[in-house]
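# quick one, fold the following:
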Amino acid sequence: MQSLKKVSLLFGTAVLSLTMNSAVFAQPDMQSVETIDVQGEKATPQLKRAFKKQQMAFIELYNSVNTDAQFDVICKWRKFTGSQIARKLCEPRYMIDFRALTVQTWSTQPGIDFNRLPNDDTLRFLTKDTREEAYQHVAALVATNQKLLDSFMKLDALHERIKARSEADN
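The predicted model follows:
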């Protein structure tokens, strides 16, 4: 009787080990497996959101690397006239300072005479030389800082994809 128990135990162990090994033997050779690459395409609104997110990351990194305070980029949430939707507005510090200076100097009476204030196009024209200097400053920082360059390259790639998509739609 004991020999029968030993034989059945040995037989059960053999069957169990064969079952476990058959799963290993059943796996196909990894070199003969076909692979399929699926590449997704983001919709235009997704690309624009990714661009804005990367733009904010670039500005944050730029401000941390920048040493010239007048070229810092300041971002504020602002509600524009006639809208309750706040939008993020980013401007270089020199533009904000120049706008404040024009408010002070162009108003001839106490308070602010909004009719006499220059519009944004006039301010851009008046700060043209400083803007050119700012572009050169940013270009120098991007050229000398690898993290800033990588961030700018991601931003540019997203911009190119959005531009190509809009050209394809037209």
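# so where's this protein uncertain?
Applying pLDDT under 70 to the chain picks out residues 1-31, 37-40, 107-109, 112-113.
# name the nearest residue to the spatially most central residue of the chain, ignoring sequence neighbours.
Nearest to the geometric centre of the chain sits Gln54, at 1.6 Å (C-alpha atoms, centre = their mean). Leaving aside its sequence neighbours, Gln54 sits nearest to Leu155 (C-beta to C-beta, 6 or more residues apart in numbering; 4.9 Å). In this view, the C-beta of every residue, glycine as well, is placed from N, C-alpha and C.
# quick check: the one you found touching Lys53?
No: using C-beta atoms under 8 Å, Leu155 is not in contact with Lys53; the gap is 10.0 Å.
# hang on, the earlier thing: that's a helix at the residue nearest to Gln54, yeah?
Yes: note on Leu155: a helix contains this position according to DSSP: H, G, I helix; E, B strand; the rest coil.
# and Leu155 and Lys53? Which one has more around it.
Remark: of Leu155 and Lys53, Leu155 carries more neighbours, 18 against 12, as counted by other C-beta atoms under 10 Å.
# and stretch 89-98, end to end?
16 Å (C-alpha to C-alpha, to the nearest Å).
# which stretch of helix or strand covers the residue nearest to the centre of the chain?
helix 44-65 (DSSP states H and E).
# show me what that helix is packed up against.
Applying 3 or more C-beta pairs under 8 Å, 6 or more residues apart in numbering; DSSP states H and E, we find helix 44-65 packed against strand 73-79, helix 128-144, helix 146-169.
# distance to Val103 for these - can I get that in TSV?
Below are the helices and strands packed on helix 44-65 laid out as TSV (distance: least, C-beta to C-beta, whole Å):
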stretch	distance to Val103
strand 73-79	16
helix 128-144	18
helix 146-169	32
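# which one, of those, ends up nearest to Lys48?
Closest to Lys48 of the helices and strands packed on helix 44-65 is helix 146-169 (C-beta to C-beta; 6.4 Å).
# what lies in contact with stretch 82-97?
Residues outside stretch 82-97 that contact it (C-beta atoms under 8 Å, 6 or more residues apart in numbering): 56, 59, 69-80, 123, 127, 130, 134.
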